[in-house]
Structure formats: structure tokens, C-alpha cells
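# sharing a model prediction with you, sequence too.
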Amino acid sequence: MSVPSYDFRCDEHGVSTERHSMSTVPTTSVCPVCALPTRRVFTAPALGHGGSAAMRAIDATKQTADSPSVVSAVPRDRKPPRPVSRDPRHSRLPRP
Ligand SMILES: [Zn+2]
């Protein structure tokens with residue numbers, strides 16, 4: 001049984017390939033040259049369709065499972081909520 005290989009990218013030294021079993025593959029590793037942290041590259045070179053829209057979609061889906069994008073704040077520019085009551089007497093009440 002072969003162990004699949006995964007690519008990790010160092011900013012300085014490019015991509016290095018490591019073999020991990022699927023259940024233990026890390027999202028980060030260390031560069032074999034400079035020992036700085038590397039990040040996993042989400043590509044499927046063995047399939048030969050790495051540039052297609054379908055493969056990009058698959059890669060993006062895999063990546064959200066391991067490193068989902070995170071929002072740090074509530075989205076701005078939201079419209080104020082519409083008033084719920086339609087009773088005309090409510091619109092005559094004093095406003096803060
Ligand atoms: Zn390096």
C-alpha cells in the first residue's frame with residue numbers, strides 16, 4: 001500500500017514533497033533546507049488537471065476543511081432593520 005505524497009511550500013525554497021498517511025497529513029511542516037515553517041499546497045498534480053476550474057473548485061473545497069477562512073468582525077454597511085409593526089399608532093410614539 002502506497003502512502004500519498006503532499007506538497008509543502010517554503011517562501012524561500014519552493015515546494016517540497018512529503019509522504020503522510022491520509023489520516024495524519026499535517027497542514028504545516030518544516031522546510032528541509034532552512035527548517036522554517038512551510039504551508040501545505042493544495043494541488044493534485046497526479047491527476048494532471050491541476051489548472052482546470054473543476055480541480056480549483058475541489059482544491060478550494062478541501063482547503064476550507066483544513067483551513068477555513070475566518071471573519072474577524074461583523075460585516076459593516078448593513079441596512080437598518082425595517083420596522084416590524086404596521087400599526088400607525090406605533091409610528092407616532094416618541095423616538096429616542
Ligand atoms: Zn526553506
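Sure, I can see it.

# quick check: mean pLDDT across stretch 73-83?
Taken as a whole, stretch 73-83 carries a mean pLDDT of 75.

# what about the closest residue to residue 3 other than its chain neighbours? Give its phi and psi, please.
In space, and not counting its chain neighbours, residue 3 is closest to residue 19: 4.5 Å by Cβ to Cβ, 6 or more residues apart in numbering. From N, CA and C alone the C-beta is placed, and that goes for glycine too. Geometry field for residue 19 lists phi and psi as phi -110, psi 130, criterion degrees, to the nearest 10.

# what sits against residue 85?
For residue 85, the contact set (Cβ atoms under 8 Å, 6 or more residues apart in numbering) comprises residue 91.

# if we go to 10 Å?
91, 93 (Cβ atoms under 10 Å, 6 or more residues apart in numbering).

# ok, it to the ion distance?
Separation of residue 85 from the ion (Cβ to the ion, to the nearest Å): 63 Å.

# same check on residue 10?
From residue 10 across to the ion, the span is 3 Å (Cβ to the ion).

# ok, how many other residues are close to the residue nearest to that residue when sequence neighbours are not counted?
Distances taken as Cβ to Cβ, 6+ apart place residue 31 nearest to residue 10, at 3.8 Å, with adjacent residues excluded. Other residues near residue 31 number 17, with proximity taken as other Cβ atoms under 10 Å.
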